[in-house]
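Colleague: can't give you the sequence, but here's the structure:
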C-alpha cells in the first residue's frame, strides 16, 4: 500500500481531476424527532419533529462526495419541475457541482422522505416515476454526455438506482462513448439485468446485489466471493469487480489479482450512501492515477466514516486525510 501516493491523490491530485457522474439523481429528506406515545387516531407512533435535513441522494450523493474531496464534478440525470428540483439545484450550486446535464421532465424529481425517531427509521415516503426514460428526454441526456466526453474527463461513474435513467440502451451508449475517448467507466449496479453493463471497467455491487444475479447465494467468505466475482465478470463481460462486504470490508478482483480489504468501521449506525461513497472515492482514486487496489483501500476507509453517521453522508477531504493520518499512525 503506497500511503504517500494515496495521500497525494487526496491532498493534491484530486483538485485537478474531472469526473462525470450520470444516473438516478435523488433528494433525501429527513424528519427526526422523539417518540413518546402512540396516536389515538391509529396504532402508529407520534413523532415530535425536532429537526429536518435535506441531502443529495443517489447519483447526486456520488457527485457530492466527489465535490467535497476537491475534484471538479459534472452531473447528468433527470429531474422534474418541482420544489424538490429547486432544492437540488440550490445544493448543487452551493457545492460547485456543474448541473447543466440535468434534463427537466414531466416526471417528479425522485425524492425519499424518511421519518426517524432516535436512531430508528420508522417511515419512508417515495416520490418517483421509476419507468424507463426514453424519447427526447433520453436524447438530451446522451447528447450532453457525448459533449462532456469531448472535454477532458478522467472518469465516468454510472449510478443506477433503478429509477429509469440507466436503460440498456443508455448504459451501452455511455460505455462505448467513454471508451472511444479512453475514459474508464465505473458502475454501481441495480437489479438483475447486468447484461446492460457489458464492457464496464469496474462494477461495485454489495453482497446482496451480487447474490441476486447468482444461481445460488454465496456466504460472505473470501473464497466464495472470489469465485462469484469471476463468474459474474465472465457472464456479463465486466472487466473488474469491487464487492462491498459489510462488516468484512470489501474485495477487488482486478485481472488476475484479488485483494481483500478488512473493514475499518468502529461502529455502524447506518449504511445509507456507503455505496455512493465507495464508487465516488474509487473513481477519484483512478482519476488520480492510483493502482486499483490502493483505490479500493481508500474507498474502504471513506466508507468507514459514512457508516458511522446517521442518514446519507458525504465525506470531506479533511475527514479523509484525518483517517489517513490515523491509519499511518497505526501502521508506523
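Modeller: Everything's here; your move. In this text the structure is predicted, and so the values were computed from the model without any measurement.
Colleague: alpha carbons only for contacts and neighbour counts from here, please
Modeller: Noted.
Colleague: contact partners for the residue most central in space within the chain?
Modeller: Most central in the chain under C-alpha atoms, centre = their mean is residue 276, positioned 2.0 Å from the mean C-alpha point. Each residue near residue 276 by C-alpha atoms under 8 Å, 6 or more residues apart in numbering is listed here: 58-59, 61-62, 65, 159, 188.
Colleague: so where do the helices sit in the stretch 151-300 of the chain?
Modeller: Here the stretch 151-300 of the chain has its helices, by DSSP state H, counting those that start in this stretch, at 168-180, 207-211, 222-236, 274-287, 292-306.
Colleague: brain fart, the stretch 1-150 of the chain
Modeller: For the stretch 1-150 of the chain, applying DSSP H, counting those that start in this stretch gives helices covering 3-11, 59-68, 83-95, 135-149.
Colleague: can you tell me which of the ones you listed is most buried?
Modeller: helix 59-68 (a mean of 28; mean count of other C-alpha atoms under 10 Å).
Colleague: against which helices or strands is that helix packed?
Modeller: Applying 3 or more C-alpha pairs under 8 Å, 6 or more residues apart in numbering; DSSP states H and E, one finds that helix 59-68 contacts strand 18-23, strand 25-38, strand 72-79, helix 83-95, strand 155-159, helix 274-287.
Colleague: poorly predicted segments of the stretch 51-200 of the chain, please.
Modeller: In the predicted model, the stretch 51-200 of the chain carries no residue with pLDDT under 70.
Colleague: need the contacts of residue 276 in CSV (columns: distance to residue 141).
Modeller: Shown next, in CSV, are the contacts of residue 276 (distance: C-alpha to C-alpha, whole Å):
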residue, distance to residue 141
58, 17
59, 14
61, 19
62, 18
65, 22
159, 14
188, 19
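Colleague: may I see the helices and strands packed on helix 59-68 organised as JSON lines, with distance to residue 170 added?
Modeller: Formatted as JSON lines, the helices and strands packed on helix 59-68 follow (distance: least, C-alpha to C-alpha, whole Å):
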{"stretch": "strand 18-23", "distance to residue 170": "10"}
{"stretch": "strand 25-38", "distance to residue 170": "15"}
{"stretch": "strand 72-79", "distance to residue 170": "11"}
{"stretch": "helix 83-95", "distance to residue 170": "22"}
{"stretch": "strand 155-159", "distance to residue 170": "10"}
{"stretch": "helix 274-287", "distance to residue 170": "19"}
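Colleague: out of the ones you listed, which comes closest to residue 142?
Modeller: Taking C-alpha to C-alpha, strand 72-79 is the member of the helices and strands packed on helix 59-68 nearest to residue 142, at 8.8 Å.
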